[in-house]
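[1] Attaching a predicted model along with its sequence, questions to come.
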Amino acid sequence: MLKLDGSIRPAIYLAEELAKHDYKVTMISPLISPESEMEIKDLGVIPQNMRVNLVTKNRGHAFLWFEAWLREALFRMNSTGIERSSLTINFSQMFSFPSLVWYLQGTPSAALEDIARGLPILFKAAYRCLSPLISYLDKVMVEQTRSLSKFAVANSKYCASLYSKLGIKVDHVIYPPLDCSLFKPSTVNPSLKYVLTYFGKETEFTTIKAIADKGVTIKAFGSKGSLIPQELLRHPNIEFLGRVSISKLINLYSNALYTIFPFTHEPFGYIPLESMACGTPVLTYNMQGPAEYVIDEVTGWLANSKPDLIIKAIKIWRNGYASYIRRKCVEEAVKFDKKVYVERWFSLLKYFDVLEGVY
C-alpha cells in the first residue's frame, strides 16, 4: 500500500467504518509506505506492515503489484505467518488464506492479457512467453483462495464473469465506493475548454493521440511511467500534469468539457465515476466495468470501437452537449457513495451474524 487510493479504497472505507463502531481492525499488506501507515492509524485502524523486500520497489506500482502476486502464486510467501481472526475479509490477490469473504477486484491474468496488447514489442514478446505460466498460476491461486473463503463478492458484474470463466462461484456484487462528500463539482461555471484523461498502464495511448491530432485540447494526469509514448508528452495539444493532488484533480474534473477514458482493461474504473461525481460526463468504451454505470447519452457516451470513440470525441468537442447531462452525472454517481457501500457490507456481515451493535 503505497497510497490509499484505487483498489485500496474498498478495504479502507470498510475498515474505517468498523473502527468507528469500536471494532479492532487490522489491515495487512506485504508493503506499506510510512505515509500510508500514518493515514491508516489516523483512521483508528492498525496497520500490519509485513515489510516484504521487493526487488522492484523502485520501479513503480505495476511492477510491485506483479512481484508481490508472483511471490504468493509461486511460494505462498505473503500468507505465511498471518494471524487468524474471527472475522477476516480478503481484499487482495496477493494473499491466499482462510477468510469469511473474499472481495474480487479482477484476475491478474486477464489484466495482463488486455494490457499486453498496447505494450511495446519487447514487453509484448516477453509477456507472450510467460503468459501460459501466468494463466496457470492465476487459476491455481484463484481456486485455492476461493476454497478457503466462505463467500465471494465481486466489484462488478464484469469482474464476476472473469472469475466465473475460471470455474469460480461468485455469490454477490458490491460496487466499489466513492466519497461523494469529497468528489463533487468545485464550480457552477466550468471552463469547458479542455478534455481530461488519465495516463496509466491501462490507457489506450494511440486513441488519445488520434484525438489530439484532430485539434482536441487534452489535459492528462497520472504517473509518468516508461510506457507513455514520448510523442504524447511532446504533443502540442496535450498537457501532461503528472500526479496531482485530490483538490487539483477535483478542479480538473469539474472544469473539463468531458473526461475521455479509452482503456484496455478495467474491471470497475474509478476515473469515470470520479468525473461523473464532479459533474463531468465520460466518453468511454461500451464494455467491462465502466459500461455498468456510464449511461449512454445520459451521463456520457459509450463507443463500440476505437474509430467510433474517436468520432464521438471530436463531435462532442465541436458541438458540446445538453446542460442537464452534468446534473445527471452527479445524480448517478451518488448511488456509489461510500455510505451506500458500507451499508451493503454491513448487511452482508450481519447475514453471517458476525457484527454486533451495528444498525
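    Good, I have the coordinates. Numbers count the residues shown, from 1 in each chain.
[2] dump the residue contacts of residue 138.
    73, 107, 108, 109, 166 (Cβ atoms under 8 Å, 6 or more residues apart in numbering). Any C-beta I mention is one placed from the backbone N, CA and C, and that applies to glycine too.
[3] Now flag whichever of these is closest to residue 208.
    Comparing the contacts of residue 138 against residue 208 with Cβ to Cβ places residue 108 closest, at 25.1 Å.
[4] what about that closest one, distance to residue 85?
    Distance of residue 108 to residue 85, given as Cβ to Cβ, to the nearest Å: 26 Å.
[5] Compare neighbour counts for those two and give me the winner.
    residue 108 (20 against 14; other Cβ atoms under 10 Å).
[6] any idea how far that one lies from residue 131?
    In terms of Cβ to Cβ, residue 108 sits 11 Å off from residue 131.
[7] Next: residue 191.
    For residue 191 relative to residue 131 (Cβ to Cβ), the value is 44 Å.
[8] Which one's more surrounded, those two?
    Neighbour count, other Cβ under 10 Å: between residue 191 and residue 131, residue 131 has more, with 14 against 11.
[9] Next, the more buried one: secondary structure please.
    Counting by DSSP: H, G, I helix; E, B strand; the rest coil, the backbone at residue 131 sits in helix.
[10] burial of residue 300, as a residue count?
    The number of residues near residue 300, taken as other Cβ under 10 Å, comes to 29.
[11] what's the neighbour count on the closest residue to it other than its chain neighbours?
    Counting by Cβ to Cβ, 6 or more residues apart in numbering, residue 300 lies nearest to residue 282, which is 3.8 Å off, once chain neighbours are set aside. Residues near residue 282, counting by other Cβ under 10 Å, number 27.
[12] following the helix or strand residue 66 falls within, which helix or strand shows up next?
    Assigned by DSSP states H and E, residue 66 falls within helix 61-75. Beyond helix 61-75 in the direction of the C-terminus, DSSP H and E gives the next helix or strand as strand 89-90.
[13] Please state the offset of that next one from the chain centre?
    Using Cα atoms, centre = their mean, to the nearest Å, the distance from the centre of strand 89-90 to the centre of the chain it belongs to is 17 Å.
[14] just stretch 22-34 next, same as before
    That offset, for stretch 22-34, works out to 20 Å (Cα atoms, centre = their mean).
[15] May I have the distance across that stretch, first residue to last?
    25 Å (Cα to Cα, to the nearest Å).
[16] buried sites along it?
    Within stretch 22-34, the residues scored as buried using 16 or more other Cβ atoms under 10 Å are 23, 25, 27, 28, 29, 30, 31, 32.
[17] What's opposite the residue nearest to residue 300 in the beta bridge?
    Counting by DSSP bridges, residue 282 forms beta bridges with residue 259, residue 300.
[18] Could you list which residues are in contact with it?
    With the criterion set at Cβ under 8 Å, 6+ apart, residue 282 makes contact with 258-261, 272, 275-276, 290, 294, 299-301, 329.
[19] With adjacent residues omitted, what lies nearest to residue 240?
    Closest to residue 240 by Cβ to Cβ, 6+ apart is residue 220, at 5.0 Å.
[20] One more: residue 47?
    Per Cβ to Cβ, 6+ apart, closest to residue 47 is residue 40, 4.2 Å.
[21] residues in contact with that neighbour?
    Counted by Cβ under 8 Å, 6+ apart, residue 40 has contacts 1, 4, 12, 15, 27, 32, 46, 47.
[22] In CSV: those, plus secondary structure and pLDDT.
    Putting the contacts of residue 40 into CSV (DSSP: H, G, I helix; E, B strand; the rest coil; pLDDT from 0 to 100) gives the following:
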residue, secondary structure, pLDDT
1, coil, 79
4, coil, 86
12, helix, 97
15, helix, 97
27, strand, 95
32, coil, 93
46, strand, 96
47, strand, 96
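[23] Closest one to residue 114 out of these, please.
    residue 1 (24.2 Å).
[24] Burial check on the closest one, number of neighbours?
    Residue 1, neighbours per other Cβ under 10 Å, totals 23.
[25] residues in contact with it?
    8, 27, 29, 31, 32, 33, 36, 40.
[26] what do you get for residue 106?
    93, 155, 159, 162, 265, 267.
[27] mind listing the helices for the stretch 1-150 of the chain?
    All helices of the stretch 1-150 of the chain, identified by DSSP state H, counting those that start in this stretch, fall at 9-20, 34-42, 61-75, 108-116, 121-147.
[28] Mind checking those for the one nearest to residue 241?
    helix 61-75 (18.0 Å).
[29] Report all helices and strands that the closest one contacts.
    helix 121-147 (3 or more Cβ pairs under 8 Å, 6 or more residues apart in numbering; DSSP states H and E).
[30] Now do the helix it packs on and helix 61-75, the angle between them.
    Going by axes from the mean of the first three to the mean of the last three Cα atoms, to 10 degrees, helix 121-147 is angled at 50 degrees with respect to helix 61-75.
[31] Show me which residues of helix 121-147 are buried.
    Quick answer for helix 121-147 (16+ other Cβ under 10 Å): 127, 134, 135, 137, 138, 139, 141, 142, 145, 146.
[32] what number of residues lie near the residue nearest to the third one when sequence neighbours are not counted?
    Nearest non-adjacent residue to residue 135, counting by Cβ to Cβ, 6+ apart: residue 109, 4.6 Å away. Residues lying near residue 109 (other Cβ under 10 Å) number 20.
[33] cool, residue 61 as well?
    15.
[34] Kind regards, and thank you for your time.
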